[in-house]
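Asks: Okay, structure incoming, though there's no sequence with it:
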């Protein structure tokens with residue numbers, strides 16, 4: 001069982017966020033080897049594919065929300081069919097609706113604490129020259145722009161927290177390994193796939209990964225983390241789209 005689960009973890013990471021980590025490393029190498037300093041570069045997220053044809057652009061954006069969630073479907077299927085935990089794949093990681101109001105309250109609380117600190121750290125990292133300027137939303141204006149940004153944020157929250165916390169922590173526990181080891185590994189992988197933003201993105205997400213891992217060990221519920229992550233990205237994506245035309249420091 002041990003060898004099979006190790007290979008399963010490697011395959012899941014290889015087709016999902018581990019793959020993103022590798023591309024992120026390549027991205028930061030490319031940025032560091034430019035003649036332009038890192039702090040003067042821009043990293044663009046959530047961009048339009050065909051801004052001149054809104055209907056086709058919408059189709060691209062919907063596909064960009066749906067298909068990245070397939071690793072979530074995969075890990076839930078694996079937990080259901082291979083070495084299934086006694087509680088089942090949803091309950092074992094707390095990815096369910098048993099405590100919706102408590103999960104929302106905790107999620108909003110963590111969001112309030114992390115959001116302010118995260119924005120301050122991003123601005124500091126940019127001033128120190130260790131991060132790019134992140135353009136968090138670059139979609140063409142359309143009736144669906146804000147809904148797509150919200151859906152993209154929720155997709156990120158579900159994908160990252162279910163795979164990097166719920167699934168990995170469950171499998172690691174089944175392997176009988178030290179849980180604090182997976183807290184650090186998960187945080188490092190999380191930090192690495194944000195490295196494309198710069199070293200500020202790496203450090204900030206490493207700290208957030210440690211906090212999320214610690215919280216999950218205490219509660220065994222991933223749903224509040226999904227809520228927190230979704231709210232952080234909604235604030236970043238929608239906030240940038242609404243505020244950036246009126247301020248110069250973003």
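Replies: In hand now; what should we look at? All values reported here derive from a predicted model rather than from experimental measurement. Numbering: from 1, shown residues only.
Asks: Which positions within the lengthiest helix in the chain qualify as buried?
Replies: For the chain, the helix that runs over the most residues, judged by DSSP state H, is helix 100-127. Buried residues in helix 100-127, counted by 16 or more other Cβ atoms under 10 Å: 103, 106-107, 110-111, 114-115, 118-119, 121-122, 125-126. Glycine gets a C-beta too; all of them are placed from N, C-alpha and C.
Asks: Could you do stretch 83-92 as well?
Replies: 89-90, 92.
Asks: Next, give phi and psi for residue 222.
Replies: phi -90, psi -20 (degrees, to the nearest 10).
Asks: Pull the contacting residues for the closest residue to it other than its chain neighbours.
Replies: Spatially, and ignoring its direct neighbours in sequence, residue 222 is nearest to residue 166 (4.1 Å; Cβ to Cβ, 6 or more residues apart in numbering). Residues in contact with residue 166, defined by Cβ atoms under 8 Å, 6 or more residues apart in numbering, are 75, 93-95, 216, 222.
Asks: let's see it at 6 Å
Replies: Listed by Cβ atoms under 6 Å, 6 or more residues apart in numbering, the contact partners of residue 166 are 93, 95, 222.
Asks: sorry, back to before: tell me the one of the buried residues of stretch 83-92 nearest residue 26?
Replies: When the buried residues of stretch 83-92 are ranked by distance to residue 26 (Cβ to Cβ), residue 89 comes first, at 32.7 Å.
Asks: Can you pull out the low-pLDDT segments for this protein?
Replies: By pLDDT under 70, the low-scoring segments of the chain are 247-250.
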